[in-house]
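Visitor: turn this into a structure:
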Amino acid sequence: MTDAEFDEVVVDFYKAAMGEQPWGIGLGKVRHAMSAQAVNLYGAVKQTRSVAFSFEVGEARPEAALDFIREYHQIDPRAALGMSLPVGQVGSCHRHFDDEFVAQDRFYQEFLIPYGGRYSSGMKVYEDDEQAVIWGIHRPLGAQPLNDAEEALVERLGLQLQNAVTTFLAQRKVAQPASVGIELLQRMPQPLMLLDETRRIVFCNEPARGLLEAGQVLADRAGLLSGPTLADDAQLLIALRTLGLSARSYLGNGPASDKVFLRLQNSSGARLGVYLYAMRPSHTMGAFGPNGLALVMLHDPQHETRRDPFVVAATWGLTPAEAKVAVALQQGHSGAEIALAHGVSQNTVRTQIQHAMEKMGVTRQAELVGLLASLPPALS
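Guide: Residues are numbered from 1 along each chain as shown. Below you'll find the model as predicted:
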């Protein structure tokens, strides 16, 4: 890597830290310079060992990142090595784990080698009482580990990445969505919150705060939205990745989804429906700030007694009027009753019902009612 290329990568790191471009741009240049299979940057919650965030680029299959987040990060001996090193010191797996260890280790045998990986070098670039951030350079099966000169380059880049990650995390703590968006959410009766791609709670209205403080299914742990188990934390993070809030920074980089729904349940049987919607600046006129966020709607089946038109509209792309008509049908009201209650003609109601059925992919009103019955709070 030339001095000019080094400087370019450092600039990319700082731009990513300020939210001006995706992390994948700088990480991708490091991958090319190091002839690596993949390069990643991930944050780990120290108390629970859950993954707070993960950005990665490379040739590895997307399933590798998902499996790592779901399960294998918990038994990764490289992570334990990285956590044991002081911030700024490079650690390479081939200097600590010999072939005999690799042949007997679950992580290598079940995860890394089947996905085509073998050698890793990394550095802890940030640590506080709550979390640590590690970046890694990974080479495939059949390649050689990083040599001394390449490790020295990782250390030089890592020193710059330390400052960038510190800035990135500080920005996340102080960044607030635009006031116009917050004012809207504060007035909504539904439990709503905003998350960034790291599970950090950017905003939480009063109904949502009440559910979090109850702590039955979801909780606020050190500013991160957390589920009852590590697996639930992983599902939340994977759902956020599915929204593609940080483009070009995940393995696969497939088409992003605009919405995801999760059903979470704790050991006592308490359940909660969690809807996540992508709030992209280009689609929201910047009402929630310059960075992509996830709008999260929480649905407690013990307290909801009717379908929420807001949820119905968001789920199937209905207009507010179409959603209200659909909910009224589900409650057993006739078209004439709906027209009278809404102050419109029966022809208008019939048109709204037809449009709602087309968008929901059904041909009969009974099917529309059945679809609504599958929504929260009826988490059957």
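Visitor: for the rest of this, base every contact and every neighbour count on C-alpha atoms.
Guide: Noted.
Visitor: how deep is residue 95 tucked in, by neighbour count?
Guide: Neighbourhood size, residue 95 [other C-alpha atoms under 10 Å]: 9.
Visitor: distance of it relative to residue 145?
Guide: 10 Å (C-alpha to C-alpha, to the nearest Å).
Visitor: and if you look at residue 156?
Guide: For residue 156, the distance to residue 145 - C-alpha to C-alpha - is 18 Å.
Visitor: the more surrounded of those two?
Guide: residue 145 (22 against 14).
Visitor: name the helix or strand for the residue nearest to that one when sequence neighbours are not counted, please.
Guide: Spatial nearest neighbour of residue 145, chain neighbours left out: residue 119 (5.5 Å); criterion: C-alpha to C-alpha, 6 or more residues apart in numbering. Taking DSSP states H and E as the criterion, residue 119 maps to strand 117-127.
Visitor: mind listing what that strand pairs with, with the direction of each?
Guide: strand 90-92 (antiparallel), strand 131-140 (antiparallel) (DSSP bridges).
Visitor: and it, how far from the chain's centre?
Guide: Computed by C-alpha atoms, centre = their mean, to the nearest Å, the chain-centroid distance of strand 117-127 equals 22 Å.
Visitor: pLDDT of that strand, averaged?
Guide: For strand 117-127, mean pLDDT rounds to 94.
Visitor: may I see the buried residues of it?
Guide: Neighbour counts using 16 or more other C-alpha atoms under 10 Å place 117, 118, 119, 120, 121, 122, 123, 124, 125, 126, 127 of strand 117-127 among the buried residues.
Visitor: and those as a markdown table, adding distance to residue 172?
Guide: Below are the buried residues of strand 117-127 laid out as a markdown table (distance: C-alpha to C-alpha, whole Å):
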| residue | distance to residue 172 |
| --- | --- |
| 117 | 32 |
| 118 | 33 |
| 119 | 32 |
| 120 | 28 |
| 121 | 27 |
| 122 | 24 |
| 123 | 22 |
| 124 | 19 |
| 125 | 17 |
| 126 | 14 |
| 127 | 15 |
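Visitor: closest one to residue 362 out of those, please.
Guide: residue 117 (46.6 Å; C-alpha to C-alpha).
Visitor: how much space separates the closest one from residue 358?
Guide: Applying C-alpha to C-alpha, the value for residue 117 to residue 358 is 47 Å.
Visitor: same deal with residue 187?
Guide: Distance of residue 187 to residue 358, given as C-alpha to C-alpha: 31 Å.
Visitor: quick one: which of those two has more around it?
Guide: Higher neighbour count among residue 187 and residue 358: residue 358, with 15 against 10, using other C-alpha under 10 Å.
Visitor: which SSE is the more buried one in?
Guide: For residue 358, the element it lies in under DSSP H and E is helix 346-360.
Visitor: who does that helix touch, helix- and strand-wise?
Guide: Applying 3 or more C-alpha pairs under 8 Å, 6 or more residues apart in numbering; DSSP states H and E, one finds that helix 346-360 contacts helix 320-330, helix 335-342, helix 365-373.
Visitor: closest to residue 270 out of the ones you listed?
Guide: Nearest of the helices and strands packed on helix 346-360 (C-alpha to C-alpha): helix 365-373, 19.3 Å.
Visitor: any chance of the strands paired with strand 117-127 in a markdown table, plus mean pLDDT, distance to residue 104 and mean neighbour count?
Guide: As requested, those are exported to a markdown table (pLDDT from 0 to 100; distance: least, C-alpha to C-alpha, whole Å; neighbours: other C-alpha atoms under 10 Å):
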| stretch | mean pLDDT | distance to residue 104 | mean neighbour count |
| --- | --- | --- | --- |
| strand 90-92 | 93 | 19 | 22 |
| strand 131-140 | 93 | 19 | 23 |
